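> Give me a model of this one.
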Amino acid sequence: MRPIQPPQGTGTANRDRPRRRRDLTLPMPQRDPASLAVPLPLPPTSNSAPSTSHNSGPSHPLIHFSELEKINRVGSGAGGTVYKVLHRPSGRIFALKVIYGHHEDVVRKQICREIEILRDVSNPNIVKCHDMFDHNNEIQVLLEFMDGGSLEGTHIPNEQQLSHLARQILTGLAYLHRRHIVHRDIKPSNLLINARRQVKIADFGVSRVLEQTMDPCNSSVGTIAYMSPERINTDLNHGKYDGYAGDIWSFGVSILEFYLGRFPFAVGRQGDWASLMCAICMSPPPEAPETASSEFRDFIRCCLQRDPSRRLPAARLLQHQFISQYFGHQNQVHQNLHQLLPPPLPHSS
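Next up, the predicted model:
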């Protein structure tokens, strides 16, 4: 019987060598490539220098941060403060959002890349992102100014007006989804209106980055009140989360809230986390009342399905009868939308 020979290269000389230490590094988690930020060049980080604008030209000249003058504070939340600002050379009015916090470099760069992507977003029902600055270590985003404010607290019992409003929001949402952008925070306070009665979606993109580093129940992403059940409770839907379907749920809750004039669940939207979770995840989805039209009731059902795969996408909801039946009366409804303008809020400087 032949003796078993040691493997080649394991002689005495090799035994005396120090053994190589095993690599103890944990493998990096795999991420969906579609969810990664596009590696666009970052704007300069000088306190006074502006980022390079993609909107340069006769109607969109380069805007320097030093040329902006704050007029007053428009609003603030957990994610930042928004100011009404004047661009002195052109006389144009903008909104300047100052994002709270001194974020780590990785998060900071990702936010900048997201904003770079958003500068290419152009749709009449989405608030335009004009430019971005890194000033005094704070990220500041220059946005289109919506002089009518948000639709939070607005009551719209007229179905024809509500249909026109829903159509504008869905048009913006369908555009974002076609570009593979998920909003993740659709709610009345992120739906803005201007004096021309245009309704636009605001506050998207950056919130997706911030939610990875903050408590999602108390951050710029906002309350869980408008989140879909499967996003709150990851045990639902086999742990799968479809961001597009999640946006449709949030849209449906918002539209039903406009119709009812109140948050459509049995608890208040500012309630504690446990009460909201139980109401959203364990109770049947809210429905439009029996007094509403059959078209509107079905429209809400198409949005608020517990199974995300059964929620209609934005493009198909635009073809729903609740939307299409009023499309021919758009001009008349458009003239009545001034009633949606909320009363002006007191501004503090």
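> now the strands for the protein?
68-76, 80-87, 92-99, 129-135, 138-144, 191-193, 199-201 (DSSP state E).
> can you pull the buried residues of the longest one?
Of the residues in strand 68-76, those buried by neighbour count under the rule 16 or more other Cβ atoms under 10 Å are 68, 74-75. (Glycine included, C-beta is placed from N, CA and C.)
> Output the longest helix belonging to this structure.
helix 159-178 (DSSP state H).
> mean confidence score for that helix?
On average, the pLDDT along helix 159-178 is 96.
> name the helices or strands packed onto that helix?
Contact analysis of helix 159-178 by 3 or more Cβ pairs under 8 Å, 6 or more residues apart in numbering; DSSP states H and E lists strand 199-201, helix 243-260, helix 294-303, helix 314-317, helix 321-324, helix 330-336 as its packing neighbours.
> per-domain residue ranges of the protein.
Segmentation of the chain into domains, based on automatic domain parsing, reads 36-144, 159-340.
> so of these, which one's packed in deepest?
Sort those by mean neighbour count, taking mean count of other Cβ atoms under 10 Å, and domain 159-340 sits at the top with a mean of 18.
> average pLDDT for stretch 250-269?
96.
> Would you agree C303 is in contact with G246?
No - with contacts defined as Cβ atoms under 8 Å, C303 does not count as touching G246, sitting 11.3 Å away.
> Look up how far P313 lies from P157.
27 Å (Cβ to Cβ, to the nearest Å).
> can you check L142 too?
31 Å.
> can you check F296 too?
F296 is 19 Å from P313, by Cβ to Cβ.
> again, but for F327
19 Å.
> N237 too?
16 Å.
> What of I224?
Taking Cβ to Cβ, one finds I224 at 23 Å from P313.
> same question, G149
29 Å.
> Likewise for A202?
From A202 across to P313, the span is 21 Å (Cβ to Cβ).
> same thing with G246?
12 Å.
> Relative to L260, which of the strands of the chain is closest?
strand 191-193 (16.0 Å; Cβ to Cβ).
> ok, I99 touching C112?
No - at 10.7 Å, I99 and C112 do not qualify as touching, with contact defined as Cβ under 8 Å.
> Find residues that contact each of those two.
Common neighbours of I99 and C112 (criterion: Cβ atoms under 8 Å, 6 or more residues apart in numbering): I139.
> who touches the nearest residue to Y175 once chain neighbours are set aside in this structure?
Leaving aside its sequence neighbours, Y175 sits nearest to N123 (Cβ to Cβ, 6 or more residues apart in numbering; 4.4 Å). By Cβ under 8 Å, 6+ apart, the contact set of N123 is 171-172, 175-176.
> Equivalent analysis for K128, please.
K128 makes contact with 121-122, 143-144, according to Cβ under 8 Å, 6+ apart.
> P286: what's it in contact with?
253, 256, 264-265, 300, 304.
> how about it, phi and psi?
phi -70, psi 150 (degrees, to the nearest 10).
> Next one: it from P229, what distance?
Taken as Cβ to Cβ, the span from P286 to P229 is 12 Å.
> go on, Q321?
26 Å.
> now do C302
16 Å.
> ditto for L170
With Cβ to Cβ as the criterion, L170 and P229 are 21 Å apart.
> cool, and L96?
36 Å.
> Could you do L118 as well?
28 Å.
> again with Q270
From Q270 to P229 the distance is 19 Å (Cβ to Cβ).
> for S76, same thing?
30 Å.
> next one: F133
39 Å.
> which residues does C281 contact?
C281 sits in contact with 229, 232-233, 236, where contact means Cβ under 8 Å, 6+ apart.
> now for these, which pair is the farthest apart?
I232 and L236 (8.2 Å).
> Appreciated, that's everything.
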